[in-house]
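Undergrad: generate coordinates for the sequence data below:
(chains A and B)
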Number of protein chains: 2
Amino acid sequence: MSAKKKTVSKKTTKRRTRSSKVEKYVYFFGNGKAEGKAAMKTLLGGKGANLAEMTNLGVPVPPGFTISTRACQLFYENERQYPRGMDEQVDANLAKLEKAMGAQFGGAENPLLVSVRSGAAVSMPGMMDTVLNLGLNDETVEALAKKTNNPRFAYDAYRRFLTMFGNVVMGMEHHDFELVLDKKKSQIGKKLDTDLKTDDLKDLVKQYKKLVFDRTGESFPTDPREQLQKAIDAVFGSWNNPRAKRYRELNDIRGLIGTAVNVQAMVYGNMGDTSGTGVCFSRDPSTGENYFYGEYLMNAQGEDVVAGIRTPQPLNDLKKANPKVYKELVAIKNRLEKHYRDMQDMEFTIQEGKLFFLQTRTGKRTAKAAVKIACDLVKEKQITKDQALLRVDPKQLDQLLHPMFDPKAKKQCIAKGLPASPGAATGVVVFTADHAEEEAKNGKAVILVRIETSPEDIGGMHVAKGILTSRGGMTSHAAVVARGMGTCCVAGCGEIIIDYKARQFSVGNTVVKEGDWISLDGSLGEVYLGKVETMQAQLSGEFGKLMRWADNLRKLNVRTNADTPHDSEVARRFGAEGIGLTRTEHMFFEGDRIVAVREMILSENKEGREKALAKLLPIQKNDFIGIFEAMHGLPVTIRLLDPPLHEFVPHEEANQKEMADAMGISVEKVRQKVNSLHEFNPMLGHRGCRLGITYPEIYDMQVRAIIEAACEVKKKGLRVFPEIMIPLIGTVKELSILRENALKVIEKVFKEKRTTVNYMIGTMIEIPRAALVADKIAEVAEFFSFGTNDLTQMTFGYSRDDAGVFLPEYVQQGILDKDPFQALDQEGVGYLVDLGITKGRSTRPKLKVGICGEHGGEPSSVEFCHRVGMNYVSCSPFRVPIARLAAAQAVIKEAKAKKAARSKKK
Amino acid sequence: MSAKKKTVSKKTTKRRTRSSKVEKYVYFFGNGKAEGKAAMKTLLGGKGANLAEMTNLGVPVPPGFTISTRACQLFYENERQYPRGMDEQVDANLAKLEKAMGAQFGGAENPLLVSVRSGAAVSMPGMMDTVLNLGLNDETVEALAKKTNNPRFAYDAYRRFLTMFGNVVMGMEHHDFELVLDKKKSQIGKKLDTDLKTDDLKDLVKQYKKLVFDRTGESFPTDPREQLQKAIDAVFGSWNNPRAKRYRELNDIRGLIGTAVNVQAMVYGNMGDTSGTGVCFSRDPSTGENYFYGEYLMNAQGEDVVAGIRTPQPLNDLKKANPKVYKELVAIKNRLEKHYRDMQDMEFTIQEGKLFFLQTRTGKRTAKAAVKIACDLVKEKQITKDQALLRVDPKQLDQLLHPMFDPKAKKQCIAKGLPASPGAATGVVVFTADHAEEEAKNGKAVILVRIETSPEDIGGMHVAKGILTSRGGMTSHAAVVARGMGTCCVAGCGEIIIDYKARQFSVGNTVVKEGDWISLDGSLGEVYLGKVETMQAQLSGEFGKLMRWADNLRKLNVRTNADTPHDSEVARRFGAEGIGLTRTEHMFFEGDRIVAVREMILSENKEGREKALAKLLPIQKNDFIGIFEAMHGLPVTIRLLDPPLHEFVPHEEANQKEMADAMGISVEKVRQKVNSLHEFNPMLGHRGCRLGITYPEIYDMQVRAIIEAACEVKKKGLRVFPEIMIPLIGTVKELSILRENALKVIEKVFKEKRTTVNYMIGTMIEIPRAALVADKIAEVAEFFSFGTNDLTQMTFGYSRDDAGVFLPEYVQQGILDKDPFQALDQEGVGYLVDLGITKGRSTRPKLKVGICGEHGGEPSSVEFCHRVGMNYVSCSPFRVPIARLAAAQAVIKEAKAKKAARSKKK
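TA: Below is the predicted model of the structure:
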């Protein structure tokens, strides 16, 4: 834009404001020309912008006009009054439309009939959808009958219009109209709507009008302009109805100013055998194949296709039935896909042999289709690799990596919990881990249902197809372990009441007994009654290609959180470039080692603890050897013991008795110890490095196990890079003391083993204070790993185990954008992360920084991690591909934002 | 300093470093001239610097020299080797000393004898103290005998030297020497040391030397230079002995580089009847009266005065006995006090009629004396008001406000807990609140001993003289309530094991039964066996004067935390300028109201809750009326309900039954509700504004009670300024929702009451996230009050209820400077506070900011609050004067620091 032009435009704006000239609210489209275009989506809504765009492209679209979202915004700002001048603009556009159609709105000879549809910038169920055939009344219906020479068609349209208008504009129940219709049909002894004769329809129209008056106290409006006005009212009004608001909340739709209203001339697919209607996709939305996919019905209206009373025909049939129209359809389809450079979802109507397009939009698709289409479009040189990478929603990849339900299967959802670990599972209900193992041995697919799981349930969790818990959040034991295993899990499903004694659970009146089949969707958090068939995950070649593109682009490394060699191997296959978090505490439970752990805890003194720890040393070392071997050549971050000791002791009397017997001490002593370990707020208690300070021998054992393992693996000729991570650091002094302790052990092991390995000692930043004094901590720490789970808990003051009581309400009321345990709170927690990195690098410029909280596999959080300059993210194995893609998208989005900022500057 | 000089000195330093010229380590004093001075305390230690200063002042001080702390520092840096050149400097100074005394070290005619004393920059028990008579051996003792013509004196000095040197230098037990001495006395049938004849002493010397050899395998060193070397070794070595390190930790002594060594010619108070020794204070250290106070003993050494074998005489007696020396003493005392402008604590010796001063230092004093002396010195124009304000340690003021023990009373300390609420108390032990009330009715003084207290114990706590708990920290229920009441409390005394059933507690082998007398020192956290007489607090006129000076100077307002009209009145008398925190939850427990509270909690729906809340409304309103009346004319900040609901329901079965009966529902239902309210981490749970969001009716009731009360008090003609404070805000949206809710209620009440009052709505900043987004929160909040208790918990990730397990060890190991719940952690938590204020005022420049955590009454924290620009601090009533003084000191210190920075710039 030249400097001169700019000045002029500025002036114009100024003048406009001063004179408060009326804004343009209504945009016409028709006759191959439109005032709007696709880029005006914010103002015209998605539907309106696309109708304009299609018109400009020369696609045959019934003409009409769009009332802008700005008008809707002013409507709400001004106590539900239309902005000044809008009515006049509607009238003017109506006139234009009449001219384009050669018809008159309310005309007694050639009446103009229109559809009225809502359309915000984002597609949004819950708002008023559609009123068809608007403009009909007792006069115009006769004109229509005469013009089409089809009275039955005219009266059928009329009674449909009465139903729709009565329902969506006048607030009546659809059901009430149905009752009258059913009565009529039974009176005349017919079953199908198509069996109704013209007179029957005329009678229905009469009855409908009476029904409207009886119910609403108002006559059905006969003036078409009044009908239009009321329909516009209804569309604007539906913008803020509870369902629409709820939908926006649930789907995180923000920043929209309102909905547009689209008024468009009616075309009819039900005007006889040369008319018809259909929907089509430019490629197959479930496989992504480049195959023209769609369905149509002759002599039918759109709603008939949807209603499913008649079975639509595949589009191929049209090729034979009407090759001319089919050819035109294919040509337009190609034009639209080429124009939008993406797979299109289109609606069309054939009116007496003439083709009209009513809608086109980017089509929804499965993950598999998304990947294939993106890759194919690159091959076809329609889009770049960058664009292809942005076309796939990283979250969707879950579908590819986990089993999923057959999309056609019918499901009866009985409860909803948290989508704790994605995938689909079906199996018989068992209530204990032991039982799960038994049944699995017998070859049964089982779903393990627990109030909550504990480390003792690991065996059962491992064999279960799916896990369902009634308590606990996204980072509960069940959720974390299930994600690590890639097992489907629905957690914190509070609606189900589990009765272990009766071996059953109930949801409302539904009772599910042990052995009954249920199915879980871990991606949606849904529980279904009965068996639902699942389909195994299959990774296509296109998936690998897309991932390679992502890998070439991304700057963030992607590591995994893994506690076992098996998890490590899975993650490595998914592209993990190291381990960002190995939790050592899970290792403390397996087999007999828990006995030694408890012996250590019960010891009265350091000597006793050291004796017990000596038993653990070789076991832990073997754990680490397995992991180092699986990850050879890649870095492995191992976190020293983190949870408070009371997590390792039994809290129920029977178990305490068992433990006392095993240890050869009195139950009383066990009970005393367990009681003395009780904490009011264990999250803020004696754990992490605080244990390392008070019981240095524990960390000494762990460091020894790590370094001995590393030396032994190195001797086998494998490369190994252990990173020792000290958790819960809040002061630099903690870290320097523990680092000194570790160095002493390491030096000793090196001497004993007569070798050395490269290693690092670093810390988690998970205590707010650690981020605040990160400059000092970085003087001692060789790397930072942000533990954003705990950091979120403490920054918000939310216990993730307890927040379930209010967090859902917080998200619903919009107090929080998202559950901060699922997506990183960038404003608050993110501020600390950013500060921590900046401060840390102020004293150690090359400080390696990563994240190992669950956020490391959540796309918006990964983008944040890229932005603040982390070196890597780490997440559970099955989220590694998600993180890889999200990291690449972050690079592209950053470049785009920079470009936008530059051009704005100019 | 001129620019030229500066350059020169810089050059000198440079040259020195390059040529590694030997530093000066030894500083001489004697003959009216010294190389050191008082300002060189860091280098010469307190004792050395003062000896030099006194010498320069012309005070008769036995000559000697000081080896600097720098030498000690190098000693430790260089693996316990003396720095190069130090030995030579010692030799040179010994020669100088010999010359000054006309004596020879190890001389066979006129031997020089010296004392060797440690002396760091801060007085520090735990280090090696003193070796007297150094230089004696079998030869020099004879010379001394001849020279003094007093063989008994000489051999007595010798055996004392052997004991002291053997003990403090050679590491033997003092006890071993005592055994030999006792045996000797019983052999000759005598009881007192003074009964020993010269030959007895000679024999003892022989036996002592043998004892030393037997025990250490070394001969007692006979060479005086070797003796000196070993004594210096011992002083330097004692700097890092465990006792000294522990003392520095406990007393927060940091940044010292080492101890100095003072070598000084001996003078003797035991050379006959014209000799003597004494200690004196320039004013009375317990009352502050300007009265020359002291004690002396003729023919005695200093240790005899301390040992208490002979009773010293009051100084007045010396006036008659030796008016000349007394006059000299008074003259020097006056000179020293005038010089140091503070009360001096001095040691003197008269050797054969000649007066020597061995030490002067600023005298320790009681709070009462500190206040009086500071005021008197101002009156005498010796110091300014600012200096006077700095002379009183704010923490010490506690002594003035609470009862204290008679300083002369003997006490048997049996346990130590946290100094939770200051003062002294004595009474009989009771174990339940009810029992406390019974006994108090009978006129008995009781000490309530509980594992921990709960709100149900309030009645008993109110009548108790003191409270002792075995669990809980500085902010436990017992501690907070006791401080509010001004009742002495020792909390978290883990050493005592309470057995409620047996009605007794035990500490080690000591068993204390119900009805036994114990005494508590709440300022020290000590528990004593038996009855210890207490003295009531009395506020002097000087106290009032000092407080007025403080008030004129300070910029911070001082408010109080008070939940009752009584506490409010007490605080107002102590100078509180409003209430900074009224906790409304304590009000929920009294009398029958807990029934209504529980009814509300048990309600299934909003209607039920509102019904129960309606019962609470008039009661809460009356609470507020009482407080508003007590605080008329001053602002009152009321915090809406904060704790989680489970704090209000009974957790024991018997109480649940009681509750069920009272409510007319099943125990099962009560149990279910109690269980459903259970939280894993209640500190991070469903509380504060989170309750306000999910149960808006609770806050609505409280806001109504506040505003109705305010309107009614206003109608009585009193001025009232309610400030409604919403706790636990973490997001601005929470606050804006709750503010809107409150505004609706307030408007309604104003209409009903046909009046209005001024009010504010603000928030606590106690969640880390709130500080991080304070700019947004300040757009809605009219004031901030930093809740540093919770902010500390979450910033550190410490639960104050659980941290007792590791916090003491953290302070001991130096990981933390101080318990962050007692003194604000300025580095971490303070960073958030500072950030919160800066961000808050970025969007609301005149934002009123205060603090209402316990830190508001802790001097170093108050100074911090001043520095970051808060408007007020708020603390428990009895800490109000402390905060007033600390706030004034903050102003003075800031001005000083600014001045220092300016002159540094120049």
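
Undergrad: contacts made by the helix or strand residue A:100 falls within with the rest, please.
TA: Assigned by DSSP states H and E, residue A:100 belongs to helix A:86-101. Helix A:86-101 has contacts (CB atoms under 8 Å, 6 or more residues apart in numbering or on different chains) with A:24-26, A:28, A:30-31, A:63-65, A:67, A:71, A:104-105, A:107, A:112, A:114, A:225, A:228, A:232, A:263, A:265. Using the backbone N, CA and C atoms, a C-beta is placed for each residue, glycine as well.

Undergrad: what about the residue of the stretch 51-200 of chain A found nearest chain B, how many residues nearby?
TA: Proximity to chain B, evaluated over the stretch 51-200 of chain A using CB to the nearest CB, is greatest for residue A:76 at 18.5 Å. Around residue A:76 there are 15 other residues, counting by other CB atoms under 10 Å in any protein chain shown.

Undergrad: now do the contacts for it.
TA: Here residue A:76 is in contact with A:236, A:239-240, A:258 (criterion: CB under 8 Å, 6+ apart).

Undergrad: pick out whichever of the residues you listed sits closest to chain B.
TA: Nearest member of these to chain B, counting by CB to the nearest CB, is residue A:240, at 18.1 Å.

Undergrad: what ranges do the strands span in the stretch 651-800 of chain A?
TA: A:721-726, A:760-765, A:783-786 (DSSP state E, counting those that start in this stretch).

Undergrad: in the stretch 501-650 of chain A, where is pLDDT below threshold?
TA: Along the stretch 501-650 of chain A, segments meeting pLDDT under 70 span A:538.

Undergrad: again, only this time at 80
TA: Scanning the stretch 501-650 of chain A for pLDDT under 80 picks out the ranges A:536-540, A:590-592.

Undergrad: check the stretch 351-500 of chain A too.
TA: In the stretch 351-500 of chain A (pLDDT under 80), the answer is A:399, A:407, A:455-456, A:472-477, A:480, A:484-486.

Undergrad: show me where it has strands.
TA: A:354-362, A:404-405, A:413-416, A:418-421, A:424-430, A:446-450, A:466-469, A:488-491, A:497-499.

Undergrad: the residue nearest to residue A:364 when sequence neighbours are not counted is in what secondary structure piece?
TA: Counting by CB to CB, 6 or more residues apart in numbering or on different chains, residue A:364 lies nearest to residue A:285, which is 6.5 Å off, once chain neighbours are set aside. Following DSSP H and E, one finds residue A:285 outside all helices and strands.

Undergrad: which residues touch residue A:285?
TA: Counting by CB under 8 Å, 6+ apart, residue A:285 has contacts A:293, A:343, A:345, A:363-366, A:369.

Undergrad: need phi/psi at it.
TA: Here is the backbone geometry of residue A:285 (degrees, to the nearest 10): phi -70, psi -10.

Undergrad: any idea how far residue A:313 is from it?
TA: Going from residue A:285 to residue A:313 by CB to CB, to the nearest Å gives 18 Å.

Undergrad: same question, residue A:558
TA: 47 Å.

Undergrad: counting neighbours, go ahead and name the busier of these two.
TA: residue A:558 (31 against 16).

Undergrad: how many neighbours does the closest residue to residue A:478 other than its chain neighbours have?
TA: Nearest residue to residue A:478 in three dimensions, chain neighbours excluded: residue A:453, at 4.2 Å (CB to CB, 6+ apart). Here the count is done by other CB under 10 Å, and residue A:453 has 25 residues near it.

Undergrad: quick check: closest non-adjacent residue to the residue in the stretch 501-650 of chain A positioned nearest to chain B.
TA: Nearest residue of the stretch 501-650 of chain A to chain B, counting by CB to the nearest CB: residue A:644, 8.8 Å away. Closest residue in space to residue A:644, ignoring its immediate chain neighbours: residue A:687 at 4.2 Å, by CB to CB, 6+ apart.

Undergrad: related to what we said a few turns ago, got the strands of the stretch 651-800 of chain A as TSV, with distance to residue A:168 columns?
TA: TSV is the format used below for these (distance: least, CB to CB, whole Å):
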stretch	distance to residue A:168
strand A:721-726	59
strand A:760-765	54
strand A:783-786	50
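
Undergrad: ok, the spatially most central residue of chain A to chain B distance?
TA: The centroid of chain A falls nearest to residue A:395 when counting by CA atoms, centre = their mean (6.2 Å). Going from residue A:395 to chain B by CB to the nearest CB, to the nearest Å gives 25 Å.

Undergrad: which ones are touching the nearest residue to that residue once chain neighbours are set aside?
TA: Nearest non-adjacent residue to residue A:395, counting by CB to CB, 6+ apart: residue A:859, 6.1 Å away. For residue A:859, the contacting residues are A:393-395, A:882, A:885-886, A:889, by CB under 8 Å, 6+ apart.

Undergrad: number of residues surrounding the residue nearest to residue A:644?
TA: Residue A:687 has 24 nearby residues by other CB under 10 Å.

Undergrad: for the residue nearest to residue A:364, give me the pLDDT.
TA: Confidence at residue A:285, expressed as pLDDT, is 86.

Undergrad: for the closest residue to residue A:164 other than its chain neighbours, name its beta-bridge partners.
TA: Closest residue to residue A:164 apart from its sequence neighbours, by CB to CB, 6+ apart: residue A:131 at 5.1 Å. Beta bridges link residue A:131 to residue A:116 when assigned by DSSP bridges.

Undergrad: doesn't residue A:818 fall inside a strand?
TA: No: Residue A:818 is assigned coil when assessed by DSSP: H, G, I helix; E, B strand; the rest coil, not a strand.

Undergrad: on that earlier part again, is the residue nearest to residue A:164 in contact with residue A:167, as I believe?
TA: No: taking contacts as CB atoms under 8 Å, residue A:131 lies outside contact range of residue A:167: 9.1 Å.

Undergrad: settle it for me: which of these two has more neighbours?
TA: Between residue A:131 and residue A:167, counted using other CB under 10 Å, residue A:131 has the larger neighbour count: 25 against 17.

Undergrad: need the contact list for that one.
TA: Residue A:131 sits in contact with A:115-117, A:161, A:164-165, A:168-169, A:231, A:234, where contact means CB under 8 Å, 6+ apart.

Undergrad: return the item of the residues you listed having minimum pLDDT.
TA: residue A:168 (88).

Undergrad: pull up the residues of the stretch 101-250 of chain A that are close to chain B.
TA: Within the stretch 101-250 of chain A, no position is adjacent to chain B by CB under 8 Å from any CB of the partner chain.

Undergrad: same question, the stretch 801-906 of chain A
TA: A:801-803, A:805-806, A:809-810, A:813-816, A:825, A:827-829, A:831-832.

Undergrad: which strand residues bridge residue A:66?
TA: Under the criterion used (DSSP bridges), residue A:66 bridges to residue A:27, residue A:262.

Undergrad: should've said residue A:497
TA: residue A:506.

Undergrad: quick check, residue A:47 in contact with residue A:115.
TA: No: between residue A:47 and residue A:115 no contact is recorded; they are 11.0 Å apart, counting by CB under 8 Å.

Undergrad: where does the stretch 201-350 of chain A dip in pLDDT?
TA: Ranges of the stretch 201-350 of chain A meeting pLDDT under 80: A:242-243, A:246-255, A:301-311.

Undergrad: just the contacts of residue A:76: which are in helices?
TA: residue A:236 (DSSP state H).

Undergrad: which of the residues in stretch A:687-699 are buried?
TA: A:687-693, A:695-699 (16 or more other CB atoms under 10 Å in any protein chain shown).
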